[in-house]
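Asker: the following block contains a protein sequence and its predicted model.
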Amino acid sequence: MIQRTRYFILGVLVCAFATLLLNAAQREAPDAVKASPQYYTIRYDGDRFRVVEYRLKPGEKEPLHTHKPGVTYIVGGAKLRISLPDGNIAEGTLQAGEVHGRENSVTHAVENVGNTEAHAIIMELKDR
């Protein structure tokens with residue numbers, strides 16, 4: 001019983017530490033436009049949201065950055081590698097015409113590992 005209690009406490013501490021690291025990474029990672037202005041063009045900047053055009057050519061890689069909640073429309077698809085602050089890496093292919101929503105902020109780094117340019121229109125909500 002004592003051993004189970006120790007494992008439980010250790011598990012809680014590890015989860016709490018991982019959550020703190022992830023939250024710290026999101027706080028420290030700059031806004032996408034500030035981190036990589038060469039890939040983002042602000043098309044509209046209002047009080048409640050902004051619209052950003054995104055382009056990432058094959059072989060290009062963005063540093064760690066954060067996006068606010070919003071919606072992304074994929075204009076031109078590409079194969080991307082996404083790196084998260086916790087070390088997880090995922091690859092996927094975006095298809096032209098897809099729409100992706102984000103209910104929460106996201107922090108990641110992105111690399112275009114395909115042979116086509118990624119092109120998207122991103123609408124992000126602003127804090128009130």
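Answerer: Good, I have the coordinates.

Asker: after the lowest-mean-pLDDT helix or strand in the chain, which helix or strand is next?
Answerer: Of all helical and strand segments in the chain, the minimum by mean pLDDT, DSSP states H and E falls on helix 2-28, at a mean of 50. Going down the chain from helix 2-28, the next helix or strand is helix 32-35, by DSSP states H and E.

Asker: quick one: average confidence on that next one?
Answerer: For helix 32-35, mean pLDDT is 96.

Asker: in that helix, what's buried?
Answerer: 32, 33, 35 (16 or more other CB atoms under 10 Å). Using the backbone N, CA and C atoms, a C-beta is placed for each residue, glycine as well.

Asker: give me the contacts around it.
Answerer: 29, 40, 42, 52, 62, 63, 64, 65, 66, 67 (CB atoms under 8 Å, 6 or more residues apart in numbering).

Asker: all strands of the chain, in order?
Answerer: Along the chain, counting by DSSP state E, strands occupy 40-45, 49-56, 65-67, 70-76, 78-83, 89-94, 99-102, 106-112, 118-125.

Asker: ok so, going back, can I get the buried residues of helix 32-35 in TSV with distance to residue 110?
Answerer: TSV is the format used below for the buried residues of helix 32-35 (distance: CB to CB, whole Å):
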residue	distance to residue 110
32	9
33	14
35	10
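
Asker: residue 87: which of those is nearest?
Answerer: Taking CB to CB as the measure, residue 87 sits nearest to residue 35 out of the buried residues of helix 32-35, at 19.0 Å.

Asker: ok so, going back, buried ones among the contacts of helix 32-35?
Answerer: When these are checked for burial by 16+ other CB under 10 Å, the buried set is 29, 40, 52, 62, 64, 65, 66, 67.

Asker: and those, which two are the farthest apart?
Answerer: The widest separation within the buried ones among the contacts of helix 32-35 (CB to CB) is 17.4 Å, between 52 and 64.
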